[in-house]
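Asks: The following block contains a protein sequence and its predicted model.
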Amino acid sequence: MLTQALPRNRLLITMTGMLVGTITSSLANAHPLLVPVRPSAAGSIILTGHSAAPVQSLFESGPRYSAANGRLRVGVGSEAPNWMRIGVFQNVSVPGLKPAVSYAYVISSDGKAVILDPDTHRVVRVIKRP
């Protein structure tokens, strides 16, 4: 009886491992949504595919942090923690940012869009809500 249960348990463990591996690899291949952003407030805010949207769409769709971070000031050059959930957008014509470059961002507890370099997590710009 014990010898019959052993192969069944091995099969179950193997199949479970394969299922977890499949799910994990499919999540790793998921790509973040890139939203080209322009500074104008004109036009509608559509955050699907590669539609262009005004900069205020970042404030309406971005990951928010409602609690203060404990630091005195977050400014250009500061480094954001790697554990933060961030949004991603592709700049079109926001002043002070390189065009056609992807940036990460979060909405701070004081309602500002904190723009980050996605590779270094350093703050490159802080934008007040228009």
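Replies: That came through, no problem. These figures come from a predicted structure and were not determined experimentally.
Asks: List the buried residues of stretch 118-130.
Replies: By neighbour count, with 16 or more other Cβ atoms under 10 Å as the criterion, the buried positions of stretch 118-130 are Val123, Val124, Arg125, Val126, Ile127. Where C-beta positions appear, they are placed from N, C-alpha and C, glycine not excepted.
Asks: Show me where the protein has its helices.
Replies: Secondary structure of the chain (DSSP state H): helices located at 2-28, 56-61.
Asks: By mean pLDDT, show me the worst of those helices.
Replies: Ranked by mean pLDDT, the helices of the chain end with helix 2-28 at the bottom, a mean of 52.
Asks: How many neighbouring residues does Ser102 have?
Replies: A count of neighbours around Ser102, defined by other Cβ atoms under 10 Å, yields 15.
Asks: Skipping its backbone neighbours, what lies nearest it in space?
Replies: Leaving aside its sequence neighbours, Ser102 sits nearest to Gln90 (Cβ to Cβ, 6 or more residues apart in numbering; 5.0 Å).
Asks: my guess is the one you found contacts Val101, does it?
Replies: Yes: in this structure, Gln90 sits in contact with Val101. The criterion is Cβ atoms under 8 Å, and the distance is 7.1 Å.
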